[in-house]
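Enquirer: Got a predicted structure here, sequence first:
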Amino acid sequence: MIEAILLGVVGWTNRILQLGPWIGVVTGAGVVLGWDRTVRGKDGRLWYGLAGLATAVFTVGVVVKIGASAALGAGVGGWKIPAAAFGGGVLAGVVGAWAWLRYGAAHLDDLQTRLVKRTKVERERRTDVRTVSQMLPDPGRDYDPHDYFRPPKSAEVFAGLDERGRPVYLDHRDLAVQHILLCGRTRAGKGVAAQMLIPQLLERGEYVVVLDPKGDEFMPRVFEAECRRLGLPYRFLDLNPSAPEKTNVFTGCDAEALESMFIGAFALAERGEAADYYRLKDRKAAREAAAWIVEHPGSRMCDAIEALGEDWADEAPAFLAYARELAEIPAVNASKPEHGIAETSGMLYVLGDMLNSRVLRAQRMILLHLLYAARAAAFAGEKRRCLVFADEFKAHVSKPFMTSLAVSAGWGLHAILAMQSLQDLYDVPADCHPDAVRGAVLENCAVQMVYALKDPDTAHWISRSTGTILVDDEVREVERNVAQTEIVAGRRTIRQAERNLVDVNMLLSLPRRVAVLTRPGTQAMFVRTSPMVCR
């Protein structure tokens, strides 16, 4: 009877010892995983207990086998091979657990992150430049802006489509007394926006002057077609020195306006330096030229030089040199002008230059002519509306215009200023201070359409002007296991933080022809613009 029991015990212990390798794996893995839990500040007793239980089971099995085998008078060496296998299993368990903690835990962590269903109460988050395109509107297909134009009697001016494809309108009563800023890198959409806004203002009775110093390929044709559609006169003025005579830039100006035009276009204002003493004589020559031209209606710059040039050669050589350069632009020195500068209806398209100094001064002279004509009309009680589109605005900057930017809209002259970045406002004539120019533009352009930018400083400025919103910031805990692999803890924290409504990443990544529209009284929004279809 006893012998049968001992044989049964030996049989059961043999089965246990056969599982020695797997029991060893559990022992080794349990020790490593329990150690990992302890290192990470968690309770590892379960894994330690499992390892201890496995070790105890195998040890008891070995002891019982030895005792039963001895009682039966059999050899007791049958436990050595299973014990060696158990030791190998322990080693395999240690290696396998370490490999899991080193490599497998990271993949499991990634899988868990993908499977997590985030809470619906979490609000907007901060942007990431790598994925910010997912937060921006799709530029979609081109459309015909004419389909959204309101009748001329309406105060609504179409500005583009919002993210849902709904039309966005500006109030013409506000636009008539405010300046507009178009900003963005080359080919981003500034010209498209101008081509969309200007025909609507033409239709509402405004006289429009386009100052184009770079020679846009499509804009003249679009505007000529729009003027033809509206039955309005279209005038084209080429300032190239080889272009024919068209107008006289002095016609209709009084002596005070002409003097200011000369000083502004030739940059003769005081600069706070020793050379200001010599500019006194140049400004005196400007007064003499203005008085002579007013006394001789229809005179040109070359006529004034012929009459007074000898005195200027000795007393005001700088003014004389600038005057001669202006006289070399036939387009604005016509003896029999075909049209004026400050008309009352239709459009004057002025094709200028970005590099030729003579043309640059002529461009400034034209803009100042319009400014002083608007002031004179306002002081005389006349109601005239003039819109100036100054493309590449840095080519048109002058001290009188920047000084008057805050009040010119009240005189009846408002402007659409187009530039690529704030850096453009630092490349100004010598008698203008860059910071003053920058401040005048930013303070007086209440309506802004900003396209994709390249300059981070400009992006930061635009971003700050859109205001801030509350977003949810996520804080996650990262732990390092015994295999020196970092994994994300299961708990995360959400806290409130501020972000600009339109942040820098968005402005640097805007799709082509998608702009951020800001206007007084409303929050910034995205609008999609589209090229005009000539009719």
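Expert: Looks like it came in fine. Numbers count the residues shown, from 1 in each chain.

Enquirer: what's downstream of the helix or strand bottoming out on mean pLDDT in the chain, the next helix or strand?
Expert: Lowest on mean pLDDT, DSSP states H and E among the helices and strands of the chain sits helix 2-18, with a mean of 62. Next in sequence after helix 2-18, counting helices and strands by DSSP states H and E, comes helix 20-39.

Enquirer: what helices or strands is that next one leaning on?
Expert: Contact analysis of helix 20-39 by 3 or more Cβ pairs under 8 Å, 6 or more residues apart in numbering; DSSP states H and E lists helix 45-71, helix 80-99 as its packing neighbours. Glycine gets a C-beta too; all of them are placed from N, C-alpha and C.

Enquirer: got a list of contacts for that helix?
Expert: 16, 43-52, 54-55, 57-58, 82-83, 85-98, 101, 481-483 (Cβ atoms under 8 Å, 6 or more residues apart in numbering).

Enquirer: Repeat the analysis, applying 7 Å as the threshold.
Expert: Helix 20-39 has contacts (Cβ atoms under 7 Å, 6 or more residues apart in numbering) with 43-44, 47-48, 50-51, 54-55, 57-58, 82-83, 85-94, 96-98, 101, 481-482.

Enquirer: hmm, back to that, tell me, which of the helices and strands packed on helix 20-39 is the model least confident about?
Expert: Note on the helices and strands packed on helix 20-39: helix 45-71 shows the lowest mean pLDDT, a mean of 74.

Enquirer: ok, back up a step: narrow the contacts of helix 20-39 to those that are buried.
Expert: Among the contacts of helix 20-39, the ones that count as buried by 16 or more other Cβ atoms under 10 Å are 44, 47-48, 50-51, 54-55, 57-58, 82-83, 85-86, 89-90, 92-94, 96-98, 101, 481-482.

Enquirer: Where does the residue nearest to Glu315 when sequence neighbours are not counted fall, secondary structure wise?
Expert: Nearest residue to Glu315, sequence neighbours excluded (Cβ to Cβ, 6 or more residues apart in numbering): Lys281, at 5.0 Å. In the assignment (DSSP H and E), Lys281 maps to helix 276-295.

Enquirer: Now do the buried residues in that helix.
Expert: By neighbour count on 16+ other Cβ under 10 Å, the buried set for helix 276-295 is 279, 281-286, 288-290, 292-294.

Enquirer: Going by distance to Asp472, which of these wins?
Expert: Closest approach between the buried residues of helix 276-295 and Asp472, by Cβ to Cβ: Arg279, at 59.7 Å.

Enquirer: Could you verify my assumption that the closest one touches Phe266?
Expert: No: contact criterion Cβ atoms under 7 Å: Arg279 and Phe266 do not qualify, at 9.7 Å.

Enquirer: Distance check, Met196 against Ala440.
Expert: 26 Å (Cβ to Cβ, to the nearest Å).

Enquirer: For my notes, confirm Ile469 occurs in a helix.
Expert: No: Ile469: not assigned to a helix; according to DSSP: H, G, I helix; E, B strand; the rest coil it is strand.

Enquirer: from now on call the first residue 194
Expert: In the new count, where the first residue is 194, that last one comes out as Ile662.

Enquirer: Can you get me a residue count around the closest residue in space to it that isn't next to it in sequence?
Expert: Closest residue to Ile662 apart from its sequence neighbours, by Cβ to Cβ, 6+ apart: Leu694 at 5.2 Å. Applying other Cβ atoms under 10 Å, we find 17 residues neighbouring Leu694.

Enquirer: One more: Val232?
Expert: Neighbour tally, Val232, other Cβ under 10 Å: 13.

Enquirer: how far away is it from Val218?
Expert: Val232 is 21 Å from Val218, by Cβ to Cβ.

Enquirer: would you list every one of the strands in the stretch 594-728 of the chain?
Expert: Here the stretch 594-728 of the chain has its strands, by DSSP state E, counting those that start in this stretch, at 606-612, 640-643, 661-673, 679-693, 707-712, 715-721.

Enquirer: From the chain's centroid, how far away is stretch 557-572?
Expert: Chain-centre distance of stretch 557-572: 34 Å, with Cα atoms, centre = their mean, to the nearest Å.

Enquirer: Now do Met547 against Ile486, distance only.
Expert: Separation of Met547 from Ile486 (Cβ to Cβ): 28 Å.

Enquirer: my bad, Pro713
Expert: Distance from Pro713 to Ile486, by Cβ to Cβ: 42 Å.

Enquirer: Can you give me the end-to-end span of stretch 536-549?
Expert: By Cα to Cα, to the nearest Å, the extent of stretch 536-549 from end to end equals 26 Å.

Enquirer: Buried residues in that stretch, which are they?
Expert: Using 16+ other Cβ under 10 Å as the test for burial, stretch 536-549 gives 536, 539-546, 549.

Enquirer: I'd like the average pLDDT over that stretch.
Expert: Averaging pLDDT along stretch 536-549 yields 92.
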